[in-house]
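S.K.: Next comes the sequence, and after it the predicted model I'd like to discuss.
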Amino acid sequence: MTMASGRADRGTGWEGTVMSSGQTLPSADPDRVLPAQHDQRRQLRLAVGALALPAFFVIGFTLCYTSAWQALVPHGVPVAVAGPAAQTAPLRDGLARAVGRSFEVQAVPTPAAAAREVRDQDLSGAYVPATQPGGTATVIVATASGNAVASAVESVFRAVAAQQRAQLAVRDVRPLPAGDTSGLALFFFLVACTLGGFLTVTATGLAAPALRPRCRWPLLLAAVVATPVLGYLIGGQGLGAISGSAGAVVALLGVAALFVLIVTMIARGLQLILGTIGTLFAGLAVFVLLNFPSSGASVQGPMLPTFWHVLNRFWIGASASDAFRSIVYFGGQGVGTDVLKLLGWLAVGVVLLGLGWFKVQRGHQEVTSDERSAAQPRIDSARAD
């Protein structure tokens with residue numbers, strides 16, 4: 001027996017379809033399918049647009065890190081030849097002509113003075129010639145100032161010793177601690193502090209975009225203190241990669257907290273101005289793509305290519321990295337200059353927060369004005385009635 005098609009089920013929105021068996025096969029209502037299709041198209045467009053962020057990171061990371069570290073050559077590294085100026089003048093002049101602008105060759109009167117200047121970071125290395133032919137010459141370095149620079153200094157003076165047919169002894173007046181023979185512990189501490197501050201701002205902005213400042217900032221400030229403390233407890237106390245006196249540790253944590261505060265203020269200011277998505281792009285550029293290659297924490301500034309070498313003189317991570325190294329390895333020598341640079345970046349954070357606050361206030365005023373404009377016709381209508 002042949003069955004006719006069933007009636008449309010008005011309650012479900014599905015139509016019956018003629019079946020020889022008498023059963024009904026549901027088919028989608030076009031009025032309901034089209035909105036879902038439009039939503040999927042919109043979601044696809046959003047997903048494709050979101051790919052701009054990883055593409056930006058991959059391109060920027062490859063370009064910045066490769067260009068910074070692919071060809072490490074010295075740029076104006078200060079070195080000296082120790083000994084009476086008249087006796088060492090021929091050696092200094094010949095060396096200066098040979099190395100060109102890669103090294104700045106100076107004179108120091110005695111080996112003790114040379115060691116002191118290397119220890120105080122006034123020099124990156126010094127050479128003490130052999131007292132007699134076939135004797136032993138000495139190169140004075142400080143590996144705590146950076147393995148790359150120390151290796152470059154040792155290499156150039158090893159060639160000088162070979163020309164003089166002298167043996168070469170290496171004297172390290174500021175060695176790296178036993179727990180950090182690679183010299184990268186402070187670099188990873190810098191990375192942890194940077195990303196800790198930036199990700200805290202990003203995460204709270206995504207999770208609670210409407211959170212009021214009086215509730216948001218206590219959380220951010222707590223992270224400012226907790227981030228360097230956690231980094232030191234794990235890297236220093238836990239793994240033994242960062243060591244120093246109690247005073248050095250307190251100073252390190254204080255400067256690191258200042259650095260995290262600066263990162264937090266800049267990131268929050270950018271978030272208020274550019275929005276959460278814009279801050280991801282700007283934050284990656286400022287704190288990751290430009291910050292770490294120019295920091296001098298993994299490869300020291302004098303060894304970087306010109307662009308990165310110039311950036312190393314003032315960028316936020318470079319200032320913090322130099323301060324960390326001075327505190328931990330050099331007794332705080334020269335840390336005042338680094339802190340002044342950080343305070344300059346703190347001013348940048350204040351300016352960005354101020355601009356962000358003005359933008360938010362202007363947005364509130366525009367919303368209030370729109371609400372008043374929308375309410376006015378209703379008021380006028382009520383008065384007319």
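M.R.: Nice, I can see it. Numbers count the residues shown, from 1 in each chain.
S.K.: CA atoms for contacts and neighbours, from now on please.
M.R.: Will do.
S.K.: Help me confirm that residue 341 comes into contact with residue 314.
M.R.: Yes. Under the criterion of C-alpha atoms under 8 Å, residue 341 lies in contact with residue 314, with a separation of 6.8 Å.
S.K.: Flag the shaky bits of the stretch 151-300 of the chain, pLDDT-wise.
M.R.: By pLDDT under 70, the stretch 151-300 of the chain has no low-scoring segment.
S.K.: quick one: the helices in it?
M.R.: Assignment of helices within the stretch 151-300 of the chain using DSSP state H, counting those that start in this stretch yields the ranges 185-207, 213-232, 246-283, 291-294.
S.K.: Serialize these to CSV and add fields for distance to residue 122 and mean neighbour count.
M.R.: Compiled in CSV, the helices of the stretch 151-300 of the chain are given as follows (distance: least, C-alpha to C-alpha, whole Å; neighbours: other C-alpha atoms under 10 Å):
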stretch, distance to residue 122, mean neighbour count
helix 185-207, 21, 20
helix 213-232, 28, 17
helix 246-283, 21, 21
helix 291-294, 21, 27
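S.K.: and the ones you listed as JSON lines, adding distance to residue 166?
M.R.: Supplementary listing: the helices of the stretch 151-300 of the chain in JSON lines, determined by distance: least, C-alpha to C-alpha, whole Å:
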{"stretch": "helix 185-207", "distance to residue 166": "36"}
{"stretch": "helix 213-232", "distance to residue 166": "44"}
{"stretch": "helix 246-283", "distance to residue 166": "40"}
{"stretch": "helix 291-294", "distance to residue 166": "37"}
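S.K.: For residue 154, the count of nearby residues, please.
M.R.: The number of residues packed around residue 154, counting by other C-alpha atoms under 10 Å, is 21.
S.K.: Relative to residue 337, which of the helices of the stretch 151-300 of the chain is closest?
M.R.: helix 246-283 (12.4 Å; C-alpha to C-alpha).
S.K.: helices or strands next to the closest one in the packing?
M.R.: In this structure, helix 246-283 makes packing contacts with helix 52-69, helix 185-207, helix 213-232, helix 316-329, helix 335-384, judged by 3 or more C-alpha pairs under 8 Å, 6 or more residues apart in numbering; DSSP states H and E.
S.K.: Using a markdown table, please lay out those together with distance to residue 307.
M.R.: As requested, these are arranged in a markdown table below (distance: least, C-alpha to C-alpha, whole Å):
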| stretch | distance to residue 307 |
| --- | --- |
| helix 52-69 | 8 |
| helix 185-207 | 20 |
| helix 213-232 | 29 |
| helix 316-329 | 14 |
| helix 335-384 | 19 |
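S.K.: Can you check the pLDDT for residue 7?
M.R.: For residue 7, the pLDDT comes out at 42.
S.K.: next one: residue 342
M.R.: According to the model, residue 342 scores 97 on pLDDT.
S.K.: Wait, it touches residue 320, no?
M.R.: Yes. With the criterion set as C-alpha under 8 Å, residue 342 and residue 320 qualify as a contacting pair; they are 7.1 Å apart.
S.K.: In terms of neighbours, single out the busier of these two.
M.R.: Just comparing residue 342 and residue 320: by other C-alpha under 10 Å the higher neighbour count belongs to residue 320, 27 against 24.
S.K.: what about the strands in the stretch 1-150 of the chain?
M.R.: Assigned strands in the stretch 1-150 of the chain, in chain order: 77-82, 103-108, 125-128, 136-141 (criterion: DSSP state E, counting those that start in this stretch).
S.K.: Show me what the last one is in contact with.
M.R.: Just to be clear, that refers to strand 136-141. Residues external to strand 136-141 that are found in contact with it (C-alpha atoms under 8 Å, 6 or more residues apart in numbering): 114-115, 118, 124-131, 150, 153-154, 157, 161, 166-174.
S.K.: Narrow those residues to just the buried residues.
M.R.: By the neighbour-count criterion of 16 or more other C-alpha atoms under 10 Å, those include these buried positions: 114-115, 118, 124-130, 150, 153-154, 157, 161, 166-169, 171-174.
S.K.: Ok, which of the helices of the stretch 151-300 of the chain comes nearest residue 50?
M.R.: From these, taking C-alpha to C-alpha, the stretch that ends up closest is helix 246-283, at 9.3 Å.
S.K.: circling back: what is in contact with residue 342 and residue 320 at once?
M.R.: Applying C-alpha under 8 Å, 6+ apart, one finds that residue 342 and residue 320 are jointly contacted by residue 259.
S.K.: Could you check how far the closest residue to residue 297 other than its chain neighbours is from residue 322?
M.R.: Across the structure, with C-alpha to C-alpha, 6 or more residues apart in numbering as the measure, the residue nearest residue 297 apart from its sequence neighbours is residue 187 (4.9 Å). Going from residue 187 to residue 322 by C-alpha to C-alpha, to the nearest Å gives 10 Å.
S.K.: How about residue 359?
M.R.: 35 Å.
S.K.: So which of the two has more stuff around it?
M.R.: Shown here are residue 359 and residue 322; by other C-alpha under 10 Å, residue 322 has more neighbours (24 against 15).
S.K.: Go ahead and confirm that one touches residue 337.
M.R.: No. Between residue 322 and residue 337 there is no contact under C-alpha under 8 Å: 9.5 Å.
S.K.: related to what we said a few turns ago, mind checking the helices and strands packed on helix 246-283 for the one nearest to residue 243?
M.R.: Proximity to residue 243, assessed across the helices and strands packed on helix 246-283 by C-alpha to C-alpha, is greatest for helix 316-329 (7.2 Å).
S.K.: Other residues contacting the closest one?
M.R.: Defining contact as C-alpha under 8 Å, 6+ apart, one finds that helix 316-329 is touched by 144-145, 174, 176, 186-187, 190, 242-244, 248-249, 251-252, 255-256, 259, 287, 291-292, 294-297, 312-313, 332-335, 338-339, 341-342, 345.
S.K.: go with 6 Å
M.R.: Helix 316-329 is contacted by residues 248, 291, 295, 296, 297, 312, 332, 333, 335, 338 when judged by C-alpha atoms under 6 Å, 6 or more residues apart in numbering.
S.K.: before we move on, what about stretch 299-308?
M.R.: Residues outside stretch 299-308 that contact it (C-alpha under 6 Å, 6+ apart): 72, 73, 74, 75, 294, 309, 312.
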